[in-house]
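Q: below is the sequence, then the predicted model.
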Amino acid sequence: METNVVPSLEVTDDVLPVAERGNEIRTAVCQYAPVLGDLPANVEKGAAAIQEAASRGADLIVLPEMANSGYVVYSSAEARRLAERPDESPAVARWQQLAHEFDAYVIAGFGEKVSETALYNSALVIGPTGILGTYRKTHLFYEEKLYYRPGDLGFPVFELPFGRVGILICYDLRFPEASRILALRGADIICVPTNWVSMMTPDRLYDAQGYCQANYVALANAAMNQVYMACADRVGAERGVQFLGCSLILDPAGAPLAGPASADGEEVLVADMNLSAARRAKQRNDLNHTWLDRRSDLYSPMLGYDGDS
């Protein structure tokens with residue numbers, strides 16, 4: 001299947017038409033602990049998560065950030081050693097085999113090597129026929145800046161058989177422009193491979209409900225843009241860095257459909273989505289529409305945009 005990146009859409013009455021195909025889908029987020037530097041183990045950890053999600057009927061399956069390699073590298077040499085070229089990766093080959101077997105689509109966080117000097121924190125769209133697209137993390141967090149290049153592919157939206165999928169990675173969620181651009185480009189679902197870390201809120205990792213702060217950031221992004229959001233975090237620790245778990249799936253009002261998951265357990269969460277209902281929800285009432293009410297004539301000059309982004 002050829003997967004097209006959807007171009008930016010103008011705001012008209014048919015900006016987000018109700019799909020005639022595949023309006024109901026089941027999405028899974030897979031929470032587990034990749035093993036730093038153990039590429040073969042990570043192939044099988046990802047495979048086991050995909051198999052569980054697919055056995056529960058998932059059409060779209062999201063793996064954590066850097067699922068092939070682990071996250072906390074200490075040098076450029078180590079980052080180069082662990083990053084992979086997607087077309088040569090055993091992880092991609094195995095995960096694509098499962099996508100084909102189950103007729104599913106996998107969004108996998110991936111340490112990507114383009115050349116010895118060009119490494120990216122990426123996410124791959126893997127379908128039954130192979131790699132269908134790539135997103136490269138735009139906003140690099142902390143020491144990622146020492147080892148990886150900022151993403152150079154913009155914010156693509158991928159047209160899959162059941163709907164339009166956008167991708168952000170972890171820290172990207174802290175920049176509202178990123179999710180807004182994806183939503184304006186027609187994304188029905190934003191998938192977020194992530195490694196939420198304790199250093200963002202070291203004094204209060206979880207609230208009384210068991211939510212971490214990043215859960216609320218995701219909730220706000222979903223609600224502001226009226227899109228589904230599927231966040232697949234990891235658990236465990238690497239080299240003293242604690243990961244927060246709390247993966248979740250949100251509806252277009254920002255309400256949890258599944259999760260948050262536990263803080264430390266390996267889990268697969270699944271939820272059903274009605275993409276047509278989400279698209280119709282942007283017409284909030286007879287007089288209000290999420291996109292038509294925007295005042296981009298005021299936003300663009302203030303934010304330094306040349307166009308209506």
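A: Looks like it came in fine.
Q: poorly predicted segments of the stretch 1-150 of the chain, please.
A: Counting by pLDDT under 70, the ranges of the stretch 1-150 of the chain that qualify are 1-22.
Q: if you count neighbours, what's buried in stretch 77-90?
A: Taking 16 or more other Cβ atoms under 10 Å as the basis for neighbour counts, the residues of stretch 77-90 that come out buried are 79-80, 82-84, 86, 89. Every residue, glycine included, has its C-beta placed from N, CA and C.
Q: give me the residues contacting it.
A: 37, 39-40, 43, 68-70, 73, 91-92, 110-114, 116, 119-120, 124, 131, 134, 147-148 (Cβ atoms under 8 Å, 6 or more residues apart in numbering).
Q: mind redoing it with 7 Å?
A: 37, 43, 68-69, 73, 92, 110-113, 116, 119, 124, 131, 147-148 (Cβ atoms under 7 Å, 6 or more residues apart in numbering).
Q: keeping just the C-alphas, turn it into CSV.
A: Only the C-alpha atoms of stretch 77-90 are listed here, as CSV (Å, rounded to 0.1, in the frame of the first residue of the first chain):
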residue,chain,number,x,y,z
ALA,A,77,30.1,6.9,19.6
GLU,A,78,27.5,5.0,21.7
ALA,A,79,24.6,6.7,19.9
ARG,A,80,26.1,5.8,16.5
ARG,A,81,26.6,2.2,17.6
LEU,A,82,23.0,1.8,18.8
ALA,A,83,21.2,3.7,16.0
GLU,A,84,20.1,1.7,13.0
ARG,A,85,19.4,2.2,9.3
PRO,A,86,15.7,1.3,9.1
ASP,A,87,16.1,-0.8,5.9
GLU,A,88,18.9,-2.8,7.7
SER,A,89,17.2,-3.2,11.1
PRO,A,90,16.3,-6.6,12.5
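Q: quick check, I169 in contact with A123.
A: Yes - using Cβ atoms under 7 Å, I169 makes contact with A123 at a distance of 5.8 Å.
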